[in-house]
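[1] Take this sequence and fold it.
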Amino acid sequence: MVANMIEGGKTPVLPKAELAAMGFQLIVYPLAALFASARAIRAVYEKLLRDGVTTGADTKLMAFDEFNALIGVEEKYAQAERFGVQ
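    Below is the predicted model of the structure:
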């Protein structure tokens with residue numbers, strides 16, 4: 001059995017332990033990260049629209065280096081170099 005937990009959907013969002021006790025073997029939260037991202041995106045762009053700059057929104061932004069690490073930029077550069085891509 002699959003529990004598809006969508007915040008704000010028809011099915012109440014329950015803790016994993018409770019769902020597992022009810023017999024659910026696969027429990028997914030497919031939109032949680034998207035909903036969180038959408039809220040953060042809206043907040044940053046509202047600030048940009050209001051203030052004309054994103055300065056001061058640092059707590060809502062991932063640092064450039066942190067983002068590069070997340071997406072594996074250095075690994076991609078190493079792979080490109082290994083295959084002779086410049």
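[2] so is residue 27 in a helix, a strand, or just coil?
    Put simply, residue 27 is strand when judged by DSSP: H, G, I helix; E, B strand; the rest coil.
[3] Give me the nearest residue to it, chain neighbours excluded.
    residue 3 (4.6 Å; CB to CB, 6 or more residues apart in numbering). C-beta: built from backbone N, CA, C; applies to glycine.
[4] got the contact list for the helix or strand harbouring the one you found?
    Following DSSP states H and E, one finds residue 3 within strand 2-4. If you take CB atoms under 8 Å, 6 or more residues apart in numbering as the criterion, strand 2-4 is touched by 11, 14, 19, 24-28, 30.
[5] Around residue 60, how many other residues sit close by?
    Applying other CB atoms under 10 Å, we find 13 residues neighbouring residue 60.
[6] Buried only: go through the contacts of strand 2-4 for me.
    For the contacts of strand 2-4, a neighbour count by 16 or more other CB atoms under 10 Å gives the buried set as 19, 24, 27.
[7] Kindly export the helix or strand bottoming out on mean pLDDT in the chain (C-alpha atoms) in CSV.
    Every helix and strand of the chain was ranked by mean pLDDT, DSSP states H and E. The lowest is helix 73-82, at a mean of 94. C-alpha atoms of helix 73-82 as CSV (Å, rounded to 0.1, in the frame of the first residue of the first chain):
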residue,chain,number,x,y,z
VAL,A,73,30.1,21.5,-10.2
GLU,A,74,33.6,20.4,-9.4
GLU,A,75,32.7,16.8,-10.3
LYS,A,76,31.3,18.0,-13.6
TYR,A,77,34.4,20.0,-14.4
ALA,A,78,36.6,17.0,-13.6
GLN,A,79,34.4,14.8,-15.9
ALA,A,80,34.6,17.4,-18.7
GLU,A,81,38.4,17.5,-18.4
ARG,A,82,38.6,13.7,-18.4
